[in-house]
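> missing the sequence, but the structure's below:
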Ligand code: C2O
Ligand code: CU
Ligand code: CU
């Protein structure tokens, strides 16, 4: 069946269904709850160049030794496909943002200027700044103002990202284009024989969906139903480009995957059954690579994968989402490798798992929906209310339950966690590393173990929330202090 036709039929079918019911998992086949009337603009033919966002390493302040980054949040316009022009937002550009490249131990000085014409914030998702530098909803940047975020990079090598976090308007600002990667390097990772040359054998892959009109333009708006189901688009972008092709060398190639979508859950795979090794998730290297043929990612999650293309010179592969049946980009293995890499069988020996026996308490987070609202522990985000008080350095179990029949996930600021169980069973190897965001399919439960190592600063709580941005904006978020 013609895929465009399939998508159109499927989207219409779901929209019809949505009138009578707000249920459904949102992660089945087809367009997964999209109410778009328009067919996907992904064609399965890859004619545009892959866009690797420019890397920004900062300038070293000769007096302080700090690394200074100047980030300008600005508006712009862009044509994605066809003749339609979209009003966009970007950082130091029209859409998306440069990849910030930092090293463990760096003292960062991030000067963030807001030229958006509206209030914003800029959050370093997965980073470990003190709470007043976190860029959450309390660190508002008014139009025309510059916010200086200064902090020391104090975490292992990992693929993180940055995006706005103003309460109530995060979804619209991210959708307009405000998102970028933030990569941390450290000595442990640098010593490994992994693909690590940016834009040569190490590529950021920011996957987003947009609800495009036939002319390739889009604008953010949500119906009540989309607020509940999450805004899903008909067309997939990779680093801001529809249907890109990437020329790669015939060697191991590393992709730093980020689901930067507002709400869509993906299940990625490569054509021809080509497998890959998962080497890292949100908070860095796994103990050992995990061989996979597909990986599920909910919004905000990251995964670093290595694909071995050594024997594939002259071949092409597509990188696909099996939830929609859409091919997102093409790999064209058209260059002989100059230098080979061999991903080691042991990646990290520094991961010390927290043990259930070390936990002194369990804290429940119930993700629920009802009467057209979204809740965590039956509450909605209130900027004036501290929902939880954590004890510094205490080890706890987070018992996170999705009691609804729709997709959610759970992200926490200022700390990372490890999964103990998923639906009562041991987590799969691909979820075994250090995480800051975890997927909760309908009616599911995870137990995670966590230690809060960073005390909060006055008037600057950290957040926890569902990273489906429509849910977050609708109040599926809470605040905590660490004392
Ligand atoms: Cu990616 Cu609280 O956010
Ligand atoms: Cu975050
Ligand atoms: Cu949610």
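Thanks, I have the structure now. These figures come from a predicted structure and were not determined experimentally. Ligands and ions are numbered 1, 2, ... in the order given.
> list the contacts of residue 449.
With contact taken as C-beta atoms under 8 Å, 6 or more residues apart in numbering, residue 449 is in contact with 354-356, 358-359, 395-398, 417-418, 420. Heads up, the C-betas are built off the backbone N, CA and C, glycines and all.
> just these: which are in strands?
With DSSP state E as the criterion, strands contain 395-398, 417-418, 420 from among those.
> nearest residue to the residue of the chain found nearest ligand 1 other than its sequence neighbours?
Residue nearest to ligand 1 within the chain (C-beta to the nearest ligand atom): residue 125, separated by 3.5 Å. Closest residue to residue 125 in three dimensions, ignoring its sequence neighbours and counting by C-beta to C-beta, 6 or more residues apart in numbering: residue 161, at 5.0 Å.
> residue 114 now?
residue 141 (4.3 Å).
> which ones are touching the one you found?
Listed by C-beta under 8 Å, 6+ apart, the contact set of residue 141 reads 73, 112, 114, 119-122, 147.
> could you export the residues you listed as JSON lines, including distance to ligand 3 and pLDDT?
Shown next, in JSON lines, are the contacts of residue 141 (distance: C-beta to the ion, whole Å; pLDDT from 0 to 100):
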{"residue": "73", "distance to ligand 3": "26", "pLDDT": "99"}
{"residue": "112", "distance to ligand 3": "27", "pLDDT": "99"}
{"residue": "114", "distance to ligand 3": "27", "pLDDT": "98"}
{"residue": "119", "distance to ligand 3": "24", "pLDDT": "98"}
{"residue": "120", "distance to ligand 3": "22", "pLDDT": "98"}
{"residue": "121", "distance to ligand 3": "20", "pLDDT": "98"}
{"residue": "122", "distance to ligand 3": "22", "pLDDT": "99"}
{"residue": "147", "distance to ligand 3": "28", "pLDDT": "98"}
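> nearest to residue 137, of those?
Nearest to residue 137 among these, counting by C-beta to C-beta, is residue 121 at 6.2 Å.
> quick check: residues of the stretch 351-483 of the chain near ligand 1?
411, 413, 463, 465, 467 (C-beta under 6 Å from any ligand atom).
> what distance do you get for residue 138 to residue 60?
30 Å (C-beta to C-beta, to the nearest Å).
> any regions of the stretch 51-200 of the chain where pLDDT drops low?
The stretch 51-200 of the chain contains no residues with pLDDT under 70.
> please enumerate the helices of this structure.
All helices of the chain, identified by DSSP state H, fall at 3-20, 170-176, 187-190, 224-229, 469-473.
> which among the ones in strands among the contacts of residue 449 gets closest to ligand 2?
Closest approach to ligand 2 among these (C-beta to the ion): residue 417, at 12.8 Å.
> for ligand 3, what's the nearest residue on the stretch 101-250 of the chain?
residue 230 (7.1 Å).
> list the contacts for that residue?
So residue 230 contacts 26, 33, 262-264, 407, 468-471 (C-beta under 8 Å, 6+ apart).
> if we go to 6 Å?
Shown in contact with residue 230 (C-beta atoms under 6 Å, 6 or more residues apart in numbering): 263, 468, 470.
> ok, which of the residues you listed also contact ligand 3?
Here is what survives when the contacts of residue 230 are matched to ligand 3 using C-beta under 5 Å from the ion: residue 468.
> pull out the buried residues from the contacts of residue 230.
263, 468, 470 (16 or more other C-beta atoms under 10 Å).
> the last one contacts residue 171, correct?
Yes. Between residue 470 and residue 171 a contact is recorded at 5.3 Å, counting by C-beta atoms under 6 Å.
> longest single strand anywhere in the protein?
Per DSSP E, the chain has its longest strand at strand 67-78.
> tell me which residues in it are buried?
Neighbour counts using 16+ other C-beta under 10 Å place 67-69, 71-74, 78 of strand 67-78 among the buried residues.
> the residue nearest to residue 125 bridge partners, please.
Beta bridges link residue 161 to residue 125, residue 181 when assigned by DSSP bridges.
> measure stretch 449-467 end to end?
From its first residue to its last, stretch 449-467 covers 19 Å (C-alpha to C-alpha, to the nearest Å).
> for stretch 416-428, same thing?
Stretch 416-428: ends 18 Å apart by C-alpha to C-alpha.
> same check, this time on stretch 142-156
Stretch 142-156 has an end-to-end distance of 32 Å (criterion: C-alpha to C-alpha).
> does residue 313 touch residue 248 like I think?
No. Counting by C-beta under 6 Å, residue 313 sits too far from residue 248 to count as a contact (10.1 Å).
> show me which of those two is the more surrounded one.
Shown here are residue 313 and residue 248; by other C-beta atoms under 10 Å, residue 248 has more neighbours (23 against 14).
> coming back round to it: just the ones in strands among the contacts of residue 449 now: which is nearest residue 209?
Of these, the one sitting nearest to residue 209 (C-beta to C-beta) turns out to be residue 417, at 27.1 Å.
> list the residues that contact the closest one.
By C-beta under 6 Å, 6+ apart, the contact list for residue 417 reads 435, 448, 450.
> what pLDDT does it get?
On pLDDT, residue 417 comes in at 98.
> pull up the gap between it and residue 450, please.
Remark: distance between residue 417 and residue 450 (C-beta to C-beta) = 4 Å.
> with residue 247 instead?
For residue 247, the distance to residue 450 equals 42 Å [C-beta to C-beta].
> equivalent analysis for residue 262, please.
As judged by C-beta to C-beta, residue 262 and residue 450 stand 26 Å apart.
> who has more neighbours, those two?
More neighbours surround residue 262 than the other of residue 262 and residue 450, with 28 against 21 (other C-beta under 10 Å).
> what residues are up against the more buried one?
Applying C-beta under 6 Å, 6+ apart, the residues near residue 262 are 171, 175, 231, 469.
> cutoff 8 Å now
Per C-beta under 8 Å, 6+ apart, neighbours of residue 262: 171, 174-175, 208-209, 230-232, 299, 468-470.
> next one: residue 253
Residues near residue 253 by C-beta under 8 Å, 6+ apart: 195, 201-203, 306-307, 309, 331.
> and for residue 389?
Counting by C-beta under 8 Å, 6+ apart, residue 389 touches 480-483.
> count of neighbours near the closest residue to ligand 2 within the stretch 351-483 of the chain?
Relative to ligand 2, the nearest point of the stretch 351-483 of the chain is residue 413 (4.7 Å; C-beta to the ion). Using other C-beta under 10 Å, the number of residues around residue 413 comes to 26.
> so how far is residue 183 from it?
With the distance defined as C-beta to C-beta, residue 413 ends up 19 Å from residue 183.
> check residue 279 too.
Going from residue 279 to residue 183 by C-beta to C-beta gives 14 Å.
> neighbour-wise, which of those two wins?
The residue with more neighbours, out of residue 279 and residue 183, is residue 279; 25 against 20, by other C-beta under 10 Å.
> tell me, what's touching residue 470 and residue 171 both at once?
By C-beta under 8 Å, 6+ apart, residue 470 and residue 171 have these common neighbours: 222, 231, 262.
> I'd like the residues you listed laid out as TSV, including distance to residue 377 and pLDDT.
Formatted as TSV, the shared contacts of residue 470 and residue 171 follow (distance: C-beta to C-beta, whole Å; pLDDT from 0 to 100):
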residue	distance to residue 377	pLDDT
222	24	96
231	25	97
262	23	98
